[in-house]
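J.: the sequence and its predicted three-dimensional model are supplied below.
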Amino acid sequence: MVAVAALTVLGLIAMWPRGDAPDLGDLPPRTYVNGSITGVEDGTCPGLEVSQDACVLYTANLSSGPEKGDVIEFQVLPTDVEVPELHQGDKVVLLDFEDSPDPQFRYQFYDYQRSTPLLWLLVAFAVAVVAFGRLQGLRALVGLALSLGVLVLFVVPALLRDSPAVLVALVGTVAVAYIAIYLAHGVNISSTIAVAGSLVALAFTSLLALVVAASAQLSGLASQEAQTLRFTAEALDLRGLLIAGIVVGALGVLDDVTVSQVSTVAALRRARPDLGARALYTEATRVGRDHVASTVNTLVLAYAGASLPLLLFFAQGDIPVVRIITGELVAVEVVRMLVGSIGLVLSVPVTTGLAALILTHTAELPEDNGHSHHHGHLPDPSPQLDQGWPNPTPRPAPQLDKGWPNPTPRRDRLDDPWF
């Protein structure tokens with residue numbers, strides 16, 4: 001794992017964005033101003049040659065920009081189908097074309113103002129994580145911020161500079177895995193096993209995504225954004241960009257499963273230190289199956305929910321279902337979902353096997369909090385305990401309380417291992 005970390009650092013150094021990004025075309029400068037709708041009037045808009053009854057004239061009070069405090073007017077044409085129906089009091093963002101020769105076309109609707117609700121949602125998320133996770137939750141938030149920093153400062157700029165998309169995604173996701181897992185769960189044997197399991201699953205996911213994207217002839221041109229990049233960044237590998245997106249998306253679920261499996265094996269090892277690697281693997285895999293079953297369902301529903309407007313759009317037409325699914329616009333999401341799910345399933349036996357093998361041959365048994373260790377050699381299997389597992393009522397040992405399982409057995413000294 002140290003060698004992989006060193007290679008990741010070398011990859012970050014070698015492909016770190018340097019110099020200016022390639023020119024994405026001559027885009028006109030844009031100025032955004034905030035405002036609130038103060039009036040809505042249905043009627044005619046001057047200069048239109050289409051049906052003028054559908055034209056809507058809005059007045060807004062500007063709250064930012066050089067004309068702050070002024071009341072301006074802007075119109076929504078019948079052809080502006082992307083503009084929602086606005087109401088009085090709505091907080092909006094407008095495009096300000098200062099050089100427009102016609103004042104009536106100077107301002108155009110761009111979007112709603114969402115800063116305040118999103119900020120409160122972010123605060124609520126941080127409070128919930130810290131309130132429940134405490135210091136570990138705080139470390140997880142710091143890891144999340146650093147992970148986003150890797151994506152924003154390395155992955156995206158490197159892709160814009162035509163670096164190999166798949167290699168950039170691998171280096172970036174490996175760096176994120178190290179940062180997120182070690183920072184949230186501490187630098188210990190459990191975290192190292194979880195990182196190792198995540199990296200194996202990521203490597204397999206990347207290889208599978210490469211094979212499927214080539215065999216299914218996915219061009220990466222399904223989205224409108226990708227079609228725009230084809231003209232603004234001609235050298236960009238759009239298929240590689242698609243694979244990179246699959247790899248980055250897969251990591252978000254992989255670390256959840258791998259950390260959970262290692263924690264399960266460690267908990268079983270603490271409860272029954274006499275269990276061998278095979279028994280630990282068998283019992284922890286049962287938990288992993290339940291976890292995978294629920295997580296795969298979550299993945300499928302998440303992708304289906306994100307694609308629901310697209311599915312409704314196709315349902316209005318007479319396109320056969322087979323053509324809808326095999327069309328690149330939908331096929332990309334299907335590949336993303338299935339490849340990520342296969343990598344997720346693979347991570348369970350790999351991580352569980354590593355954890356069972358390593359934790360039965362280490363003198364450092366992780367505590368429940370994931371960042372402390374018991375030091376000292378594990379005792380020999382207790383002859384007074386049944387060897388079968390699971391056994392809800394093993395024969396009690398003299399040094400343990402009569403009830404079993406007992407989360408708080410008696411100890412002579414506080415620093416003695418309870419097992």
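T.: Noted; the coordinates are in hand. Numbers count the residues shown, from 1 in each chain.

J.: switch to C-alpha atoms for all contacts and neighbour counts from now on
T.: Fine.

J.: can you list the domains in the protein?
T.: 31-113, 116-366, 383-419 (automatic domain parsing).

J.: looking at those, which is closest to Ala3?
T.: Nearest to Ala3, of all those, is domain 116-366, at 11.8 Å by Cα to Cα.

J.: just the strands from the stretch 51-200 of the chain, written as ranges.
T.: Per DSSP state E, counting those that start in this stretch, the stretch 51-200 of the chain carries strands over the ranges 55-62, 71-76, 91-96, 107-112.

J.: of these, which is nearest Val334?
T.: strand 107-112 (30.2 Å).

J.: which secondary structure elements does the closest one sit against?
T.: Contact partners of strand 107-112 among helices and strands, from 3 or more Cα pairs under 8 Å, 6 or more residues apart in numbering; DSSP states H and E: strand 71-76, strand 91-96.

J.: a markdown table please, covering the strands of the stretch 51-200 of the chain and showing distance to Val332.
T.: Below are the strands of the stretch 51-200 of the chain laid out as a markdown table (distance: least, Cα to Cα, whole Å):
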| stretch | distance to Val332 |
| --- | --- |
| strand 55-62 | 38 |
| strand 71-76 | 34 |
| strand 91-96 | 32 |
| strand 107-112 | 28 |
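
J.: tell me where this structure has helices.
T.: For the chain, the helices defined by DSSP state H cover 2-15, 115-150, 156-160, 165-185, 189-215, 224-232, 238-271, 277-306, 308-315, 321-326, 328-359.

J.: of these, which approaches Asp80 most closely?
T.: Of all the helices of the chain, helix 224-232 comes closest under Cα to Cα, at 17.7 Å.

J.: let me see the mean pLDDT of the closest one.
T.: The average pLDDT within helix 224-232 is 58.

J.: low-confidence ranges in the stretch 301-419 of the chain?
T.: For the stretch 301-419 of the chain, the stretches flagged by pLDDT under 70 are 302-328, 363-419.

J.: looking at the helices of the chain, which is closest to Arg30?
T.: Closest among those, using Cα to Cα: helix 224-232, at 17.7 Å.

J.: longest strand of this structure?
T.: Longest strand of the chain, by residue count under DSSP state E: strand 31-43.

J.: count of neighbours near Val2?
T.: Using other Cα atoms under 10 Å, Val2 has 8 neighbouring residues.

J.: and if you look at Leu160?
T.: The number of residues near Leu160, taken as other Cα under 10 Å, comes to 19.

J.: in stretch 274-291, what counts as buried?
T.: For stretch 274-291, the neighbour count (16 or more other Cα atoms under 10 Å) marks 274-277, 279-285, 288, 291 as buried.

J.: turn those into TSV, including distance to Leu167.
T.: Shown next, in TSV, are those (distance: Cα to Cα, whole Å):
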residue	distance to Leu167
Asp274	43
Leu275	41
Gly276	39
Ala277	35
Ala279	38
Leu280	36
Tyr281	33
Thr282	35
Glu283	36
Ala284	33
Thr285	32
Gly288	30
His291	30
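
J.: could you check how far the most centrally placed residue in the chain is from Ala355?
T.: Nearest to the mean C-alpha position of the chain, counting by Cα atoms, centre = their mean, stands Gly252 at 4.0 Å. From Gly252 over to Ala355 the distance is 20 Å, taken as Cα to Cα, to the nearest Å.

J.: check Gly43 too.
T.: 70 Å.

J.: between the two, which is the more surrounded one?
T.: It is Ala355, of Gly43 and Ala355, that has more neighbours when counted by other Cα under 10 Å, with 30 against 12.

J.: now that one. Nearest residue, chain neighbours left out?
T.: Spatially, and ignoring its direct neighbours in sequence, Ala355 is nearest to Val262 (5.7 Å; Cα to Cα, 6 or more residues apart in numbering).

J.: kindly report the same for Tyr112.
T.: Val92 (4.2 Å).

J.: from what I can see that neighbour touches Thr38, true?
T.: No - applying Cα atoms under 8 Å, one finds Val92 not in contact with Thr38, separated by 11.0 Å.

J.: which residues sit in contact with Val259?
T.: Counting by Cα atoms under 8 Å, 6 or more residues apart in numbering, Val259 touches Ser190, Ser191, Ala194.

J.: hmm, back to that, check which helices and strands the longest strand of the chain sits against.
T.: Checking 3+ Cα pairs under 8 Å, 6+ apart, strand 31-43 ends up next to strand 55-62, strand 91-96.

J.: pairing partners for that strand, with directions?
T.: Note on strand 31-43: by DSSP bridges, its sheet partners are strand 55-62 (antiparallel), strand 91-96 (antiparallel).

J.: thanks again, I'm all set now.
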